[in-house]
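Asker: Coordinates only, no sequence provided:
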């Protein structure tokens with residue numbers, strides 16, 4: 001049974017940082033490209049970072065230089081470091097496989113990041 005459990009979110013002031021974690025189970029974690037997505041209030045879910053099996057990251061231009069994805073295959077855990085947080089980063093953040101895996105696994109509960117003073 002595939003499960004993702006995200007953690008690390010919270011209320012953060014603009015300009016602050018947060019490190020999100022995601023514990024994966026039920027998959028051979030090291031075999032997959034993994035990704036972080038976010039869903040802002042009232043908007044669609046969007047990809048914000050992905051990382052290949054061997055650790056090569058990808059970021060859309062909108063978050064490049066502020067987001068850093070990493071993984072620990074020994075711990076089946078995915079991480080997302082977000083720096084210089086902006087109010088527009090407010091969203092529920094989810095980990096999952098890459099876009100090719102969409103629909104094949106269940107989503108986890110996500111972790112809420114709220115950026116506000």
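Answerer: Yep, it's here. Since the model is a prediction, treat every value here as computed from it, not as a measurement. Numbering: from 1, shown residues only.

Asker: Quick check: bridge partners of the spatially most central residue of the chain?
Answerer: Nearest to the mean C-alpha position of the chain, by CA atoms, centre = their mean, lies residue 36 at 2.7 Å. For residue 36, the beta-bridge partners are residue 49, residue 95 (DSSP bridges).

Asker: and it, what is it in contact with?
Answerer: Shown in contact with residue 36 (CB atoms under 8 Å, 6 or more residues apart in numbering): 20, 22, 47-50, 67, 69, 78, 80, 93-96. From N, CA and C alone the C-beta is placed, and that goes for glycine too.

Asker: Kindly report the same for residue 45.
Answerer: Contacts of residue 45 by CB under 8 Å, 6+ apart are 37, 38, 39, 94.

Asker: What pairs with the strand or helix carrying residue 22, parallel or antiparallel?
Answerer: Using DSSP states H and E, residue 22 sits in strand 18-25. Paired neighbours of strand 18-25 in the sheet (DSSP bridges): strand 3-7 (antiparallel), strand 77-82 (antiparallel).
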